[in-house]
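Visitor: Quick check, what structure comes out for this input:
(chains A, B and C)
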Amino acid sequence: MLETCITNVRNTVPLVHNITNYVTVNDVANVLLACGGSPIMSDEPEDVADITSICGGLNINIGTLNKRSIEAMFVAGHRANDLGHVVLLDPVGAGASALRTSTAVRLMEDLKLDVIRGNVSEIKTLALGSGTTKGVDADAADAVTEDNLDVMVRFAKDFAARAGVIVAITGAIDLVADGETCYVIRNGRPEMGRITGTGCQLSGMMAAFLVANPDHKLEAAAAAVCAMGLAGEIGWANMLPGDGNSTYRNRIIDAIYNMDGKTLKEGAKYEVR
Amino acid sequence: MLETCITNVRNTVPLVHNITNYVTVNDVANVLLACGGSPIMSDEPEDVADITSICGGLNINIGTLNKRSIEAMFVAGHRANDLGHVVLLDPVGAGASALRTSTAVRLMEDLKLDVIRGNVSEIKTLALGSGTTKGVDADAADAVTEDNLDVMVRFAKDFAARAGVIVAITGAIDLVADGETCYVIRNGRPEMGRITGTGCQLSGMMAAFLVANPDHKLEAAAAAVCAMGLAGEIGWANMLPGDGNSTYRNRIIDAIYNMDGKTLKEGAKYEVR
Amino acid sequence: MLETCITNVRNTVPLVHNITNYVTVNDVANVLLACGGSPIMSDEPEDVADITSICGGLNINIGTLNKRSIEAMFVAGHRANDLGHVVLLDPVGAGASALRTSTAVRLMEDLKLDVIRGNVSEIKTLALGSGTTKGVDADAADAVTEDNLDVMVRFAKDFAARAGVIVAITGAIDLVADGETCYVIRNGRPEMGRITGTGCQLSGMMAAFLVANPDHKLEAAAAAVCAMGLAGEIGWANMLPGDGNSTYRNRIIDAIYNMDGKTLKEGAKYEVR
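Guide: Numbers count the residues shown, from 1 in each chain, chains lettered A, B, ... in the order given. Predicted coordinates:
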């Protein structure tokens, strides 16, 4: 199934509208192109309804939100909902500021979201109304571990059921859940945390995977997580002496570019709970 | 002549003011430095008149336009016109939204432009008042091909004559035309479309080429197109197993950095019609 | 001492709030991660007080300033001052426009700054009320050279004393001074000027170094300058035929990622005056 998910992206070239932060936007665009999708960026309220209309999905990332882009998120989100498009929310920094938390909560309440993807601190903030955070990175105290895995799987499913979304919590162990099923994914490398924007890239790519697999959205979200983690493993295996996080960034996107269904199928490490 | 064009850039270090999108802006800055120019970015209406005054050229790219940056485009454009500077318009996404189309049309009407550079869908939108588009990428149905080449050369010349600009239509076959002469250029690689921003990079570099070659603007625009396409070929020739679009992006800019007049002269593939 | 400075960064993972330009922001984030720090970006006035509160330092870079981000710089700066955080100003383009000059001067007057880091033209503009500039690059006529070194060391110390800050003037020869002591640093490569944003990267990294070394801020600022210059030397030594400024950018950040205290200590080239 994961194999089919990425093949469908490559065959259908889903166009994804991104309202995203200016820190990692270039990498988001390149990873979307790498996986077989096509990116377009627009965050002007007067522009976004038209732009999102020609796309298949909308990726809302609040990483460097401002009043103009927040307005654009709602305008685009409502239009995308009207058209039945895939909508994904990446609540970057929810819990780190009142504006980020309230914006993420309002987006969650006002829009019909397909997926919320964030680190565990961000997701806890949205699910529980509170959470610790270290800026845009998760707090270690929140981390999903082998020890708390049962509890966290239950948490992910419960939040997914309550919010009516797919929840993707990414970290050392990734969880992708709807109300009934949870993919527990163990791909990836800790060094990915030393690159800015691997989470943002995953959100953009995940939106493309959902657009291309409308009848299997949970599997598509899980496939995107496996692909990103596997790309982190392949990219790391290609590192040479002297290489660091900047080269690693390139190698991860390159690994997505070269990833076929067979590679993804054989490299994906997950269980379903 | 192409040889002289790039040498003049390297010898004069033209300073180019860019009002451009935040997706590809870093690559635009680095390719300008690579070709021998110098970039400066500013999009605040109160800042742009001063900034453009100290430059030789202005590159207006509407890729992630907003109301503030649109105002800045007009303020900077008028000042650049007053000072006789080179002004280039890259109408990213014209045809994809009403705001993008109307902004590009207004810029074309209000400003004295030296060049309009875009993909064929964007240029058709400006020339004919309509065009199909796939977001920020050209629609395949619009493409310049060997079969419709005569018609498209005529179209480019006619639009150039009518608008009083150099028209640069880039794609698998590139056309660079004024009212009388059209360069038909066959450099480049299809894989360049899998990198975000090769078009934006070309626009920035083209502005530098025109600033450095004020008496041969058509040749300068054609030289920039040849240089970018040739860099795509050289960069691709340097790709190793496992490399993908992120590395390819670096290799193209690197190829511009290392390109001398002789390389450009020998590698350029064009005819003049 | 330089050795300790970088080790302290790696051991304490200082969180730095960056209000910075959208041209080089991704590289700033990656170099902060490379050196052992953690970046967060926010430029919305309603967001920045919360964000800066959870950080240890604030890096204000006026590279693509606009009215919203200017307001955010003051809001964040005052909050950072209230909390006793490190505050660094990078006055990109001061002297190139009235808005940039006046904004930098106002920030210098209103805020308690720890460091001002810029090229010599920018620093002269702030210190003397005038200076020549070539956009965002220093004018060669202003450059610190072996011939004017005594005069420039005196200038740096005097400005530092008068403004109550550490002054970091970077170029072929770098000066890092407070009112009494000046580090004269000769690391680096001229080719670093062919990459956009090495100065911006240094500012972000320098903020992290100061946060991690609160009792030795002058040494920390000097250590960051040595580290960046040394990374430029290491990165250049790793360049292969065909590599250019885009690859060089990656190799410099990679060199920071791999730099330990011993490498920095042995590679740093400085004298204290």
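Visitor: Pull out the buried positions in stretch A:59-76.
Guide: A:59-66, A:68-70, A:72-76 (16 or more other C-beta atoms under 10 Å in any protein chain shown). Yep, even glycine has a C-beta here, placed from its N, CA and C like the rest.
Visitor: Just the endpoints, please. Distance across it?
Guide: Stretch A:59-76 stretches 10 Å from its first residue to its last (C-alpha to C-alpha, to the nearest Å).
Visitor: Distance from the chain centre to that stretch, please.
Guide: Using C-alpha atoms, centre = their mean, to the nearest Å, the distance from the centre of stretch A:59-76 to the centre of the chain it belongs to is 16 Å.
Visitor: in chain A, which residue is closest to the centre?
Guide: residue A:203 (2.3 Å; C-alpha atoms, centre = their mean).
Visitor: ok, the nearest residue to that residue once chain neighbours are set aside - contacts?
Guide: Nearest residue to residue A:203 in three dimensions, chain neighbours excluded: residue A:90, at 4.1 Å (C-beta to C-beta, 6 or more residues apart in numbering or on different chains). Residue A:90 sits next to A:20, A:59-63, A:116-118, A:199-200, A:203 when contact means C-beta atoms under 8 Å, 6 or more residues apart in numbering or on different chains.
Visitor: and if you look at residue A:57?
Guide: A:14-17, A:80, A:85-88, A:207-208, A:210-211.
Visitor: didn't residue A:191 look like it was pressed against residue A:248?
Guide: Yes - shown here, residue A:191 and residue A:248 form a contact pair, counting by C-beta atoms under 8 Å, at 6.5 Å.
Visitor: Quick check: neighbours shared by these two?
Guide: residue A:236.
Visitor: measure residue A:238 to residue A:254 for me?
Guide: 8 Å (C-beta to C-beta, to the nearest Å).
Visitor: should've said residue A:84
Guide: Taking C-beta to C-beta, one finds residue A:84 at 34 Å from residue A:254.
Visitor: Pick out whichever of the two has more residues nearby.
Guide: residue A:254 (25 against 10; other C-beta atoms under 10 Å in any protein chain shown).
Visitor: okay, now the residue in the stretch 151-273 of chain A that chain B sits nearest to: neighbour count?
Guide: Chain B sits closest to residue A:257 of the stretch 151-273 of chain A, with a gap of 2.8 Å, by C-beta to the nearest C-beta. By other C-beta under 10 Å, the residues close to residue A:257 number 24.
Visitor: right, and it touches residue B:249 too?
Guide: No - the criterion here is C-beta under 8 Å, and residue A:257 misses it with residue B:249 at 10.9 Å.
Visitor: about what we covered before: residue contacts, the residue lying closest to the residue of the stretch 151-273 of chain A closest to chain B once chain neighbours are set aside?
Guide: Spatial nearest neighbour of residue A:257, excluding adjacent residues (C-beta to C-beta, 6+ apart): residue B:244 at 2.8 Å. If you count contacts by C-beta under 8 Å, 6+ apart, residue B:244 has them with A:34, A:253-258.
Visitor: By neighbour count, which of these wins?
Guide: Going by other C-beta under 10 Å, residue A:256 tops the contacts of residue B:244 with 29 neighbours.
Visitor: give me every residue that touches it.
Guide: Applying C-beta under 8 Å, 6+ apart, the residues near residue A:256 are A:31, A:34-35, A:205, A:227-228, A:231, B:244.
Visitor: hmm, 10 Å instead?
Guide: A:6, A:30-36, A:201, A:205, A:224, A:227-228, A:230-232, A:234-235, A:264, B:244-246 (C-beta atoms under 10 Å, 6 or more residues apart in numbering or on different chains).
Visitor: One more: residue A:110?
Guide: A:73-74, A:77-78, A:81 are the contacts of residue A:110 under C-beta under 10 Å, 6+ apart.
Visitor: Do you know the pLDDT at it?
Guide: What the model reports as pLDDT for residue A:110 is 98.
Visitor: Roughly how far does it sit from residue A:76?
Guide: 12 Å.
Visitor: likewise residue A:67?
Guide: Residue A:67 is 15 Å from residue A:76, by C-beta to C-beta.
Visitor: May I see the buried residues of the lengthiest helix in chain A?
Guide: Secondary structure of chain A per DSSP state H: the longest helix is helix A:217-237. By 16+ other C-beta under 10 Å, the buried positions in helix A:217-237 come out as A:217-236.
Visitor: what angle sits between whatever helix or strand comes next after that helix and helix B:245-258?
Guide: Helices and strands here follow DSSP states H and E; after helix A:217-237, the next one along the chain is helix A:245-257. Orientation check (axes from the mean of the first three to the mean of the last three C-alpha atoms, to 10 degrees): helix A:245-257 against helix B:245-258 gives 120 degrees.
Visitor: Show me what whichever helix or strand comes after helix A:245-257 is in contact with.
Guide: Using DSSP H and E, the helix or strand that follows helix A:245-257 in sequence is helix A:261-267. Residues outside helix A:261-267 that contact it (C-beta under 10 Å, 6+ apart): A:1-10, A:187, A:223-224, A:226-227, A:229-231, A:233-234, A:255-256, A:259.
Visitor: Partner strands of the next helix or strand after helix A:261-267, with direction?
Guide: Under the assignment DSSP H and E, the closest C-terminal helix or strand after helix A:261-267 is strand A:270-272. Here strand A:270-272 has these sheet partners by DSSP bridges: strand A:182-185 (antiparallel).
Visitor: how about the strands of the stretch 1-150 of chain A, start to end?
Guide: A:15-19, A:38-41, A:57-61, A:86-90, A:115-118 (DSSP state E, counting those that start in this stretch).
Visitor: quick check, the second one touching chain C?
Guide: Spelled out, that is strand A:38-41. No - Strand A:38-41 is not in contact with chain C by C-beta under 10 Å from any C-beta of the partner chain; minimum separation 11.9 Å.
Visitor: Compute the distance from the centre of that strand to the centre of its chain.
Guide: That offset, for strand A:38-41, works out to 15 Å (C-alpha atoms, centre = their mean).
Visitor: Let me see the contact set for residue A:227.
Guide: By C-beta under 10 Å, 6+ apart, residue A:227 lies in contact with A:2, A:5-6, A:9, A:31, A:34-35, A:187, A:202, A:205-206, A:209, A:255-256, A:259, A:263-264, A:267-268.
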